[in-house]
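A.B. asks: build me a model:
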Amino acid sequence: MSDVDSKEKRHPIQVVARRTGLSLDLLRAWERRYEVVEPGRTEGGRRLYSDEDVEHLRMLKRASDAGRRISQIASLGTDELAALVEEDQREALEGEAEPAAAPDLGASIYLKACLAAVERLDALELEATLNRALVNLSAPALIDGVVGPLLGQIGELWSHGTLRPAHEHLASSIVVRILVELIQAAEPSGPAPNLVVATPPGQLHEFGALFVAVTAASEGWGVTYLGRDLPGSDIAAAANEKGAEAVALSIVFTSTSGSELQDELETLREALPADVPIFAGGASAENYRDALEAIGAERLEDLNEFRLALRALV
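C.D. replies: Got it, this is the predicted structure:
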């Protein structure tokens, strides 16, 4: 048995991040906003954590990963969190035994109608169909079941020569307008956390960023959507002016040199408060893994991971 006092503040923040699976930014954010633990300090001012702190943070992380909002569980003790985690695990196992839900047939109908309108270059019908989908589907169903697959199928048909650039341009212009209107319509009426969304330099396609913005809006966040191809300094300036709780970047193409993008990311990180996390995703985010890890950015695989990351912040 170890003689080490479980209350002794001896673990640096990097060790805590590795043992808990929390990013440094998220750990700092939880400390500042919810005082989930009280770290000690070295003479040089560096944080130190105890074994009890680490275990408490591990339980918070597991409860958060199960879908619990940090604002609802931050005040719980470690034993209470452990009981909650056990309950969530039991429910998850019972859920696995249940038959899978049928796919959203409504989304597939809207998708077919949208694609038919694009093939006819019928802008009015495409916009009308998307607006009907917007009214009748949730934001995740709209993105995952209609808009995302629509753009994917258009790209595939264009690559095979079935559709022309005119079809892609018509669809893109209408989809962008619909998504921007959706973000604006979802603007919270009261106090809400703010997310700044953009693509860094060299990233000219913005659909990934728009999907992220819509997802955040559907989670109750205020969204400041900046668009595409912005320097890190401009993104940081907007985030600081808005008092943003987080910044999200979409990286779809490997068109910017690794060193150039890393410089922009470092500029962004240095200009933001230390406890404001940076989220990054998109088809090419993996290609910039080293640059993203160097600034402590949290790389997310899909929109569901992004939803969970947002819930972990508030």
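A.B. asks: skipping adjacent residues, who's closest to residue 167 in space?
C.D. replies: Counting by C-beta to C-beta, 6 or more residues apart in numbering, residue 167 lies nearest to residue 118, which is 5.4 Å off, once chain neighbours are set aside. All C-beta atoms are positioned from the backbone trio N, CA, C, and that covers glycine.
A.B. asks: nope, residue 266 is what I was after
C.D. replies: Per C-beta to C-beta, 6+ apart, closest to residue 266 is residue 295, 6.1 Å.
A.B. asks: let me know the pLDDT of that neighbour.
C.D. replies: Note on residue 295: pLDDT of 92.
A.B. asks: what's the answer for the one 3 residues further on, then?
C.D. replies: The score at residue 298 is 92. That number is its pLDDT.
A.B. asks: residues contacting the closest residue to it other than its chain neighbours?
C.D. replies: Of all residues not flanking residue 298 in the chain, residue 23 sits nearest, at 4.8 Å (C-beta to C-beta, 6+ apart). By C-beta atoms under 8 Å, 6 or more residues apart in numbering, the contact set of residue 23 is 17, 277, 296, 298.
A.B. asks: 10 Å instead, please
C.D. replies: 17, 29, 277, 278, 279, 296, 297, 298, 299, 309, 312 (C-beta atoms under 10 Å, 6 or more residues apart in numbering).
A.B. asks: how far off centre is the longest helix belonging to the chain?
C.D. replies: Longest helix of the chain, by residue count under DSSP state H: helix 165-185. Put simply, helix 165-185 sits 21 Å off its chain's centre (C-alpha atoms, centre = their mean, to the nearest Å).
A.B. asks: hang on, the earlier thing: got phi/psi on the residue nearest to residue 298?
C.D. replies: phi -70, psi 160 (degrees, to the nearest 10).
A.B. asks: now residue 48
C.D. replies: Torsion angles, degrees, to the nearest 10, at residue 48: phi -130, psi 140.
A.B. asks: test my guess that it contacts residue 14.
C.D. replies: No - with contact defined as C-beta atoms under 10 Å, residue 48 does not reach residue 14; the gap is 11.3 Å.
A.B. asks: just the buried positions in the helix or strand encompassing residue 116, please.
C.D. replies: Residue 116 is part of helix 105-119 when elements are defined by DSSP states H and E. By 16 or more other C-beta atoms under 10 Å, the buried positions in helix 105-119 come out as 107, 109, 110, 111, 113, 114, 115, 117, 118.
A.B. asks: so after it, what's the next helix or strand?
C.D. replies: Next along from helix 105-119, by DSSP H and E: helix 123-136.
A.B. asks: what mean pLDDT does that following helix get?
C.D. replies: pLDDT averaged over helix 123-136 gives 91.
A.B. asks: what do you get for stretch 273-284?
C.D. replies: On average, stretch 273-284 scores 93.
A.B. asks: gap between the two ends of it?
C.D. replies: 26 Å (C-alpha to C-alpha, to the nearest Å).
A.B. asks: with stretch 29-48 instead?
C.D. replies: 16 Å.
A.B. asks: thinking again about what came up before, in CSV, list the buried residues of helix 105-119 along with distance to residue 283 and pLDDT.
C.D. replies: Converted to CSV, the buried residues of helix 105-119 look like this (distance: C-beta to C-beta, whole Å; pLDDT from 0 to 100):
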residue, distance to residue 283, pLDDT
107, 22, 88
109, 27, 92
110, 24, 93
111, 21, 95
113, 27, 95
114, 22, 96
115, 21, 96
117, 26, 96
118, 22, 96
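A.B. asks: okay, now the unreliable bits of the stretch 1-150 of the chain?
C.D. replies: Counting by pLDDT under 70, the stretch 1-150 of the chain shows low-confidence ranges at 1-4, 95-105.
A.B. asks: ok, which stretches of it are strands?
C.D. replies: 11-12, 40-41, 47-49 (DSSP state E, counting those that start in this stretch).
A.B. asks: adding distance to residue 199 and mean neighbour count as columns, could you present those in CSV?
C.D. replies: Formatted as CSV, these follow (distance: least, C-beta to C-beta, whole Å; neighbours: other C-beta atoms under 10 Å):
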stretch, distance to residue 199, mean neighbour count
strand 11-12, 34, 16
strand 40-41, 38, 12
strand 47-49, 33, 20
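A.B. asks: tabulate these (a markdown table), appending distance to residue 170.
C.D. replies: What follows is the strands of the stretch 1-150 of the chain, written out as a markdown table (distance: least, C-beta to C-beta, whole Å):
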| stretch | distance to residue 170 |
| --- | --- |
| strand 11-12 | 55 |
| strand 40-41 | 59 |
| strand 47-49 | 53 |
